[in-house]
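S.K.: Below are the sequence and a predicted model for it; my questions follow.
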Amino acid sequence: MAIEHLHTWKIGDVEITRIVEVNGWEDDIAMLWPDAVPADVQKYPWLKPHWATEDGKMIISFQCFVMRTPDHCIMLDTCIGADRQREFDIFTNMQTSFLDDLAHAGFKPEDIDIVLCTHLHFDHVGWNTRLVDGKWVPTFPNARYLFGNSEFEYWKMLEETKGYHDLNHMYDAVMPVVEAGLVDLIGPDHRPCPEITLMPTPGHTPGHVSIVIESKGKKAIITGDLMHCPIQLAEPERIVRFDMNQEQGAKTRQEFVDRLSNQDVLVLGSHFADPTAGYVISDVNGCRFKPQ
C-alpha cells in the first residue's frame with residue numbers, strides 16, 4: 001500500500017486528501033520541454049531534492065485528490081487505473097493499491113457523490129471505471145461524473161476521426177460512465193458546491209480547468225495539468241510537449257504565475273511530487289515554489 005504518501009490539507013471547511021498512484025517518477029526533462037537538457041534543471045537548485053535529481057531529471061507523481069466539503073465528497077480526477085492497455089508500457093496493466101489507499105483515507109467508492117475531471121487525458125480518468133467480470137463498470141456508482149462540455153466534445157471528435165495517438169481511455173474509462181447515465185456535461189462557470197469553483201486554464205487540452213477551493217477566508221488552487229513540475233513556475237513560457245495547444249498552454253501558465261505570485265493562495269500541483277502543496281514566490285532571483 002502507498003498509505004505513507006497520503007496527505008490531507010485543510011482549507012476552511014474543506015478537507016483535501018491526496019491519493020498517490022505513482023510516486024516520485026523520474027524522467028528526462030526533454031519529456032516535458034522538447035528542447036531541454038539536464039542543465040536546464042540543474043540551474044535551479046531549489047528543485048532538489050523533491051522535484052529534481054542531481055543529474056537533472058525531473059521528479060513527478062501521478063495522483064488525485066478527494067475533497068470533503070460540508071455537503072459533498074468530491075473526487076478530483078481519478079489517476080491511471082488498473083488493467084488498462086495504454087500507449088506507454090509503464091502504464092499498461094498496472095496493479096496498484098489505489099482503492100485500498102482510498103479506503104485507508106476514509107473513503108469508500110460508494111461515498112463519492114461527485115467525480116470532477118480537470119480534463120480527459122488517460123491519467124486523469126482511469127479509475128472512473130474498474131474491470132468486473134470482463135466489463136468496465138463505474139467505480140463510483142453513486143457519483144455524478146462532471147466533464148467539461150467543450151472538453152468532452154473535443155475528445156468525442158478525436159474518437160470519431162481517430163485524430164489522436166491513443167484513445168483507449170475513451171473506450172474503457174470515459175464512455176462506460178456516459179453509457180451508464182452518470183455523466184453531466186458542465187460549462188466553465190459551473191460550481192459543484194459553494195466552496196468549489198472551476199478556473200478555465202486552456203492549452204493542455206481545449207477545456208482544461210483548474211480547481212479553486214475557498215472557505216472561511218482560506219484559498220487553494222489545484223492545478224490539474226496546467227503544469228507538471230515546479231520548474232514551470234520559473235519558465236512558464238516554455239513550450240510543453242503534451243500540451244495540445246502549446247502556445248495557449250504557455251500563455252495560460254504565464255497568466256497563472258503572474259496572478260498567483262506572492263499571494264496567500266495554497267497551490268497544489270496535480271503532478272508535483274511531495275511536497276505537493278506550496279506557494280508561488282517571486283523575487284529578484286526569479287519565480288519558485290515554496291513548500292507549505
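M.R.: Yep, it's here.
S.K.: Off-centre distance for stretch 61-80?
M.R.: 10 Å (CA atoms, centre = their mean, to the nearest Å).
S.K.: just stretch 31-51 next, same as before
M.R.: Here the centre of stretch 31-51 is set off from its chain's centre by 20 Å, with CA atoms, centre = their mean.
S.K.: could you point out the longest strand in the protein?
M.R.: In the chain, taking DSSP state E as the definition, the longest strand is strand 14-27.
S.K.: How about the next helix or strand after that strand, which residues are buried there?
M.R.: Using DSSP states H and E, the helix or strand that follows strand 14-27 towards the C-terminus is helix 38-42. Judged by neighbour count (16 or more other CB atoms under 10 Å), helix 38-42 contains these buried residues: 38, 40, 41, 42. Yep, even glycine has a C-beta here, placed from its N, CA and C like the rest.
S.K.: Give me the contacts around the longest helix along the chain.
M.R.: Determined from DSSP state H, the single longest helix within the chain is helix 246-260. By CB atoms under 8 Å, 6 or more residues apart in numbering, the list of residues contacting helix 246-260 from outside reads 201-204, 210, 221, 223, 226-227, 232-233, 236-240, 243, 267, 280, 282, 287.
S.K.: where along the stretch 51-200 of the chain do the helices fall?
M.R.: For the stretch 51-200 of the chain, applying DSSP state H, counting those that start in this stretch gives helices covering 98-104, 149-161, 168-169, 175-179.
S.K.: Make CSV out of the ones you listed and add mean neighbour count, distance to residue 13 and mean pLDDT.
M.R.: Listed next are those as CSV, based on neighbours: other CB atoms under 10 Å; distance: least, CB to CB, whole Å; pLDDT from 0 to 100:
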stretch, mean neighbour count, distance to residue 13, mean pLDDT
helix 98-104, 18, 21, 95
helix 149-161, 16, 28, 95
helix 168-169, 19, 33, 96
helix 175-179, 17, 28, 98
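S.K.: Throw the ones you listed into JSON lines and include distance to residue 69, thanks.
M.R.: JSON lines is the format used below for these (distance: least, CB to CB, whole Å):
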{"stretch": "helix 98-104", "distance to residue 69": "17"}
{"stretch": "helix 149-161", "distance to residue 69": "23"}
{"stretch": "helix 168-169", "distance to residue 69": "28"}
{"stretch": "helix 175-179", "distance to residue 69": "22"}
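S.K.: Out of the contacts of helix 246-260, which end up buried?
M.R.: Using 16+ other CB under 10 Å, the buried ones in the contacts of helix 246-260 are 201-204, 210, 221, 223, 226-227, 232-233, 236, 238, 240, 243, 267, 280, 282, 287.
S.K.: Show me which of the buried residues of helix 38-42 is closest to residue 60.
M.R.: Distances from residue 60 to those, taken as CB to CB, are shortest for residue 41 (12.2 Å).
S.K.: Wait, that closest one touches residue 234, no?
M.R.: No - Residue 41 lies out of contact with residue 234 (CB atoms under 8 Å); the separation is 10.1 Å.
S.K.: Would you mind measuring from the residue lying closest to residue 79 once chain neighbours are set aside to residue 94?
M.R.: Once flanking residues are discounted, residue 79 sits nearest to residue 21: 4.1 Å by CB to CB, 6 or more residues apart in numbering. To residue 94, residue 21 is 8 Å away according to CB to CB, to the nearest Å.
S.K.: again with residue 8
M.R.: From residue 8 across to residue 94, the span is 25 Å (CB to CB).
S.K.: isn't residue 38 right up against residue 55?
M.R.: Yes - Residue 38 is within contact range of residue 55, at 6.1 Å (criterion: CB under 8 Å).
S.K.: ok, how many other residues are close to the nearest residue to residue 150 once chain neighbours are set aside?
M.R.: Spatial nearest neighbour of residue 150, excluding adjacent residues (CB to CB, 6+ apart): residue 207 at 4.0 Å. Neighbourhood size, residue 207 [other CB atoms under 10 Å]: 25.
S.K.: residues touching residue 207, list them.
M.R.: Residue 207 neighbours (CB under 8 Å, 6+ apart): 119, 148, 149, 150, 151, 152, 154, 188, 200.
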